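A.B. asks: Next comes the sequence, and after it the predicted model I'd like to discuss.
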Amino acid sequence: MDNLVESLPFSELQGISVGNAQDNDAQTGVTVFFFPKASMASAVVLGGGPASREVPLLDPQRNTQPLNALVFSGGSAYGLAASDGVVNSLEEHGYGYNTGYGLLPIVCQSCIFDLSYGKSNIRPDREMGYKACQNAIASNSPLSGNVGAGTGATVGKPGGMATAQKSGIGYAAARLGQLEVGVAVVVNALGDIFQDGVKIAGMTTIDRKGFVSAEQAVLKNQYSDLIAGNTTIAAVFTNAHLSVADLQKVANMASTGMARSIRPVFTMADGDTVYAISLSGGMILSDVNTVGVLASLVMEKAIADAILASKIADEEYLHNI
């Protein structure tokens, strides 16, 4: 990234293991971030239409418990069923909060709307969530592109799906001294995607041979009801020891990387959500501002990775809408 910050393979982050499951015919899937040692987390919801599970638990004013797993999925609100399978898998392996009457796995989830791509009547369910969690427990597979929760992700949708493009899930990580920060993001945005100020995906012309500005399309048409079918969900993972309140601030700061890369972003037609997790309780002492700034920069890299790893031919894309 520069002479201070060193790029780091996401797979080298300690305290997290990633598993995926998807239906390649229906074009939807699940990604599970499993924490062998339960990890503190917080989150911010920035879009107007989130589909989520247990996110209020991560508010600093709540009795926040460490997470055993974080789930990203397709299927919109239907996809929340995937967490049932994740909870079952975690319980079978002995993970969860001890209530005195049994283990209660602590699991949060956010979903993207991918029903407009692939088959809308097939969504992530208990079985797919269980499989993704089993895979996460067995091995670490942070795969970018059209996999897991990114299987049905698309971007650039003010003009509808015919002028949108394929996206997916992306990863990036960096090290600053002993501080490590990684980001995973499923990019399923209403807006266009930029890398270093250059548009790399988004709304196209009708013939799909050029680009149209999603921002200008919104301003020109003054949509009162933008196409529902969006939501970018991201998670920041760090080895820094941070409080729940500090983690919430990191999530807020990381969202500025989304704002630089996605235009427009945080609309009422998006359910954009950012999580921040202190892996294994965090071992490194670091300033919350440093973690937040680094997370913002890594967010941009992960968003670009989601796009670049997900490109498909127009024929295949159009076949799935």
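C.D. replies: Here it is on my side, so go on. Numbering: from 1, shown residues only.
A.B. asks: Next one: the residue nearest to Ser110 when sequence neighbours are not counted from Arg53, what distance?
C.D. replies: What sits nearest to Ser110 in space, not counting adjacent residues and going by CB to CB, 6 or more residues apart in numbering, is Ile233, at 4.3 Å. Any C-beta I mention is one placed from the backbone N, CA and C, and that applies to glycine too. As for Ile233, its distance to Arg53 is 12 Å (criterion: CB to CB, to the nearest Å).
A.B. asks: So between those two, which is more surrounded?
C.D. replies: For Ile233 versus Arg53, the count of surrounding residues by other CB atoms under 10 Å is larger for Ile233: 32 against 21.
A.B. asks: mind listing what Gly191 touches?
C.D. replies: The contact partners of Gly191, by CB atoms under 8 Å, 6 or more residues apart in numbering, come to 155-156, 202, 214-215, 262-265, 267.
A.B. asks: typed the wrong thing, it's Gln22
C.D. replies: Applying CB under 8 Å, 6+ apart to Gln22 gives the contacts 28-30, 128, 147-148, 151.
A.B. asks: Just the buried subset of those, please.
C.D. replies: Buried subset of the contacts of Gln22 (neighbour count, 16 or more other CB atoms under 10 Å): 28-30, 128, 147-148, 151.
A.B. asks: would you list those in CSV and tack on pLDDT?
C.D. replies: Below are the buried ones among the contacts of Gln22 laid out as CSV (pLDDT from 0 to 100):
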residue, pLDDT
Thr28, 98
Gly29, 98
Val30, 98
Met128, 98
Val147, 98
Gly148, 98
Thr151, 98
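A.B. asks: Apart from its neighbours in sequence, what residue is nearest Ser255?
C.D. replies: Distances taken as CB to CB, 6+ apart place Val274 nearest to Ser255, at 5.1 Å, with adjacent residues excluded.
A.B. asks: where's that neighbour relative to Leu318, distance?
C.D. replies: 31 Å.
A.B. asks: Equivalent analysis for Ile312, please.
C.D. replies: Taking CB to CB, one finds Ile312 at 10 Å from Leu318.
A.B. asks: More neighbours: which of the two?
C.D. replies: Between Ile312 and Leu318, Ile312 has the larger neighbour count (other CB under 10 Å), namely 14 against 11.
A.B. asks: coming back round to it: please produce a markdown table containing the buried ones among the contacts of Gln22, extended by secondary structure and distance to Thr99.
C.D. replies: Output for the buried ones among the contacts of Gln22, formatted as a markdown table (DSSP: H, G, I helix; E, B strand; the rest coil; distance: CB to CB, whole Å):
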| residue | secondary structure | distance to Thr99 |
| --- | --- | --- |
| Thr28 | strand | 33 |
| Gly29 | strand | 31 |
| Val30 | strand | 26 |
| Met128 | helix | 27 |
| Val147 | coil | 35 |
| Gly148 | helix | 30 |
| Thr151 | coil | 35 |
